[in-house]
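> Return a 3D structure for these sequence lines:
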Amino acid sequence: FRRFKIVLFSNVQRCDEKTARFRELVHEWHDISGMASPDVCELVQDIGVDILVDLTGHTSANRLDLFVRKPAPVQVTWI
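Next comes the predicted model:
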């Protein structure tokens with residue numbers, strides 16, 4: 001964990017206990033729920049994310065459209 005900078009991009013509409021817990025565990029937190037996809041991609045690139053992991057998959061309100069734009073060199077989707 002110390003060798004990596006963990007950055008989380010949150011797209012949740014309502015925060016809950018899990019959201020709060022994730023926020024405590026990361027180095028940086030970005031709420032992208034109101035952002036357009038091109039702006040999120042620019043943010044990901046500006047931060048210099050090397051590995052982008054999606055944890056929503058094909059669930060509702062996913063942001064898989066971001067992955068089509070390939071904002072990070074390595075991209076992984078889960079679920």
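> tally of neighbours for P71?
20 (other Cβ atoms under 10 Å). From N, CA and C alone the C-beta is placed, and that goes for glycine too.
> helix, strand or coil for the residue nearest the centre of the chain?
Nearest residue to the geometric centre of the chain (Cα atoms, centre = their mean): F9, 3.2 Å. Three-state call for F9 (DSSP: H, G, I helix; E, B strand; the rest coil): strand.
> Who does it form a beta bridge with?
H30 (DSSP bridges).
> quick one: contacts for it?
30, 32, 40, 43-44 (Cβ atoms under 8 Å, 6 or more residues apart in numbering).
> do the same with P71
40-42, 44-45, 49, 52.
> Next: W78.
53-55, 57.
> buried ones in stretch 56-74?
Neighbour counts using 16 or more other Cβ atoms under 10 Å place 62, 66-67, 71-72 of stretch 56-74 among the buried residues.
> on that earlier part again, who wins on neighbours among the contacts of W78?
Result: D54 is most packed of these (other Cβ under 10 Å), 18 neighbours.
> what helices or strands is the one helix or strand Q45 maps to leaning on?
Element membership for Q45, per DSSP states H and E: helix 37-47. Here helix 37-47 touches strand 7-10, helix 64-68, going by 3 or more Cβ pairs under 8 Å, 6 or more residues apart in numbering; DSSP states H and E.
> Mean pLDDT and distance to W78 added to the ones you listed, as CSV?
What follows is the helices and strands packed on helix 37-47, written out as CSV (pLDDT from 0 to 100; distance: least, Cβ to Cβ, whole Å):
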stretch, mean pLDDT, distance to W78
strand 7-10, 94, 14
helix 64-68, 91, 12
